[in-house]
Structure formats: structure tokens, C-alpha cells
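J.: Could you look at this predicted model? Sequence included:
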Amino acid sequence: MGITLDQARTMIAATLETGHEMGLKPLSVVVLDAGGNVQAFEREDGAAPGRFAIAHGKAYGSVMLGMAGTAQMARAEAQAYFMGAVNGLFGGQLVPVPGGVLVRDASGAVVGAVGVTGDTSDNDAAAAQAGIVAAGLVAEI
């Protein structure tokens with residue numbers, strides 16, 4: 001089964017709550033299903049309007065490549081030509097940095113991804129992880 005709307009809403013609420021607890025800048029959070037479709041999105045007051053595209057790019061790269069943002073960044077550093085080519089194939093939609101987090105179910109199957117942007121990439125990823133766990137799913141950062 002995929003991510004339900006209730007789970008997506010829980011992920012977003014818990015991600016934003018974690019961001020507040022960590023003292024992060026205003027966040028934007030998107031939840032994608034396993035096909036890369038938007039399930040839910042929220043942008044906090046004070047977050048720049050362009051943050052949707054960044055959050056989406058982080059999550060989209062994760063779900064389309066089956067590789068979390070941290071792994072994508074490592075791959076981009078080791079093989080920039082590969083990630084450049086892949087990003088071209090996807091119309092430039094990938095943002096290969098932490099903050100794109102794969103969402104897995106209890107059996108390990110990828111059921112979607114969460115993209116978070118607004119603070120440092122590592123902080124974005126930590127907030128996303130907390131949100132995913134709050135929804136009873138497994139995060140791969």
C-alpha cells in the first residue's frame with residue numbers, strides 16, 4: 001500500500017513541528033507517492049515562494065532514482081556527468097542534496113519520498129526523518 005493522505009499530513013505536521021523544536025528557518029515540505037506524484041505540500045509563513053520547486057526536486061530525485069538525497073549528492077560528487085545526464089533526462093527537476101528522503105514501508109518497499117527545504121540540507125533531512133517516523137514509516141536519508 002502507498003502513502004495515505006493521513007500519513008502525508010502526519011509527515012508534514014511532524015516535520016514542521018520538528019523544525020520548530022530545532023529552531024530552523026521556515027520550511028516547505030512535499031510528500032510524493034511512489035510514482036512521483038504530489039500527495040501533499042505545505043509552505044510555512046515566511047518561506048520563499050520558490051521553495052516548492054526545491055522541495056519537489058529533492059523528493060522527486062529520491063523517488064525516481066530510488067536513492068535518498070545524501071546518496072545522490074555523493075554520486076554527484078563522484079560522477080558529476082552521470083547525475084548531470086540523469087537530471088537532463090528528468091527535465092532538470094532533480095535537486096541531489098540531503099533533504100530528499102525516501103519513504104519505505106515495514107517490508108522495505110519504497111512507497112514515496114519527502115522533500116524538505118528552508119534550512120541547511122542536513123537539517124532539512126533530519127526534520128523529514130522525524131516526520132516520516134511519526135507516520136509509522138521508515139526514512140532513508
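T.: Received it, and whenever you're ready, just let me know what you need.
J.: number of nearby residues for residue 106?
T.: Using other Cβ atoms under 10 Å, residue 106 has 8 other residues around it. C-beta coordinates here come from the backbone N, C-alpha and C atoms, glycine included.
J.: quick one: contacts for it?
T.: residue 138 (Cβ atoms under 8 Å, 6 or more residues apart in numbering).
J.: what's the pLDDT at it?
T.: The predicted structure scores residue 106 at 96 on the pLDDT scale.
J.: For it, which three-state class applies?
T.: coil (DSSP: H, G, I helix; E, B strand; the rest coil).
J.: Need phi/psi at it.
T.: Note on residue 106: backbone dihedrals following degrees, to the nearest 10 are phi -60, psi -30.
J.: What of residue 37?
T.: As for residue 37, its main-chain torsions (degrees, to the nearest 10) stand at phi -90, psi 140.
J.: ditto for the one 10 residues further on
T.: The phi and psi torsions at residue 47 (degrees, to the nearest 10) take the values phi -80, psi 140.
J.: so how many other residues sit close to it?
T.: If we define neighbours as other Cβ under 10 Å, then residue 47 has 18 of them.
J.: Skipping its backbone neighbours, what lies nearest it in space?
T.: residue 26 (3.9 Å; Cβ to Cβ, 6 or more residues apart in numbering).
J.: Who does the longest strand seen in the chain pair with, and is each partner parallel or antiparallel?
T.: For the chain, the longest strand by residue count, based on DSSP state E, is strand 110-117. When pairing is defined by DSSP bridges, strand 110-117 lines up against strand 28-33 (antiparallel), strand 100-104 (antiparallel).
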